[in-house]
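> Give me a 3D structure for the following:
(one chain, ligands or ions: 1)
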Amino acid sequence: MDNRPIGVFDSGLGGLTAVRALRQLLPHENLIYFGDTARVPYGGRSRETLLRYARQDIRFLRTHDLKAVLIACGTVSTTSLTTLQSENDLPVVGVVQPTCRRAVSATRNGKVGLIATLASVRSGAYEAQIAELDRGVQVISRPCPLFVPLVENGRIHPGDVVIETVAREYLAPLQDAGVDTLILGCTHYPLLERVIGSIMGPEVTLVSAGEESARELQHLLNTRDLQTGNTLPGRAEYCVSDRVEDFERIASLFLQEDLHHEARRIDIEQY
Ligand code: DGL
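Numbering: from 1, shown residues only. Below you'll find the predicted structure:
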């Protein structure tokens, strides 16, 4: 049993897709969330920059006494996970492995689509993980660099002509390839689940990196006996590196909780 909080981070709002799942799976756990909104998007940046940012993000989170860190960011997970794990003396969980496991078990025709940031697609990490799990599964990948800025601007609703036009263009090659499973390999993308789902159709299974990473963390806490003994609902603290208002507005909508005046701004460059 361990009552310390879990640290969760992403470049912005995307990691909330993991938070939402954590709230359901582990309702008594305390969470500290950091969204690096001053430096979002991460997706087009170099490995060196991403590692520098991620180190700062973890250093900030670790100013709290944590029991585990969830990298709720595909871009950091695909480029820096093993380095961050080796540098930290606590469990650090990423999104790639659990997401690929779910996709491989979901596909029936052996054709899996992957949409993610440019850095994640360039890294080849999802493809490598799937090949390790099942060489027979074909992966068709597509970076979607406009999705993150659109999500950060709240353009997430079905019927919004901008997001629908962009999504249709990005998803067309995956539809043409006949994928029956689609990995939302950037944690921002499940915020577009309804838009993406309606384009891909009900026969395509969507696999959310945010949700699968939350399940992985739950499994880790169980196997290492790190679950909280709290019986009251867990608390979540939200920190961002830029204006709190926009984050609070979209986070409130997505988490269906009133987070106005809840987020705190921190200076990430200090860490
Ligand atoms: N949500 C993150 C990811 O999963 C970062 C996206 C970005 O900032 O470009 O890749």
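
> ok, and what's touching the stretch of helix or strand E248 belongs to?
Here E248, judged by DSSP states H and E, is contained in helix 244-255. Defining contact as CB atoms under 8 Å, 6 or more residues apart in numbering, one finds that helix 244-255 is touched by 12-13, 16-17, 19-20, 23, 35, 37, 152, 154, 156, 191, 238, 240, 258-265. Where C-beta positions appear, they are placed from N, C-alpha and C, glycine not excepted.

> Kindly supply the ChimeraX command isolating those of those residues that are buried.
Buried residues among the contacts of helix 244-255 (16 or more other CB atoms under 10 Å), as a ChimeraX selection:
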select :12,13,16,17,19,20,23,35,37,152,154,156,191,238,240,259,263
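
> Next step: the contacts of helix 244-255 restricted to helices.
Among these, DSSP state H puts L16, T17, V19, R20, R23, E152 in helices.

> what's the spacing between the residue lying farthest from the centre of the chain and the ligand?
Centroid-distance maximum for the chain: T231 at 27.0 Å, with CA atoms, centre = their mean. Distance, T231 to the ligand, using CB to the nearest ligand atom, to the nearest Å: 32 Å.

> residues from the stretch 101-250 of the chain in reach of the ligand?
Residues of the stretch 101-250 of the chain lying close to the ligand by CB under 6 Å from any ligand atom are T117, S120, V148, C186, T187, H188.

> out of the residues you listed, which one sits closest to G7?
Distances from G7 to these, taken as CB to CB, are shortest for T187 (15.0 Å).

> rewinding a little: mind putting the ones in helices among the contacts of helix 244-255 into CSV with distance to R4 and pLDDT?
Listed next are those as CSV, based on distance: CB to CB, whole Å; pLDDT from 0 to 100:
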residue, distance to R4, pLDDT
L16, 21, 96
T17, 23, 95
V19, 17, 97
R20, 21, 96
R23, 18, 96
E152, 30, 90
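
> Okay, strands next: where are they in the stretch 1-150 of the chain?
Secondary structure of the stretch 1-150 of the chain by DSSP state E, counting those that start in this stretch: the strands cover 6-10, 31-35, 68-71, 92-93, 111-116, 138-143.

> max-length helix in the chain?
When the chain is parsed with DSSP H, its longest helix is helix 161-177.

> any chance of the residues of the stretch 101-250 of the chain next to the ligand in CSV, plus neighbour count?
Shown next, in CSV, are these (neighbours: other CB atoms under 10 Å):
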residue, neighbour count
T117, 30
S120, 28
V148, 25
C186, 36
T187, 35
H188, 33
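
> Tell me the one of these nearest N30?
T187 (20.4 Å).

> Check the secondary structure at the closest one for me.
Following DSSP: H, G, I helix; E, B strand; the rest coil, the label given to T187 is coil.
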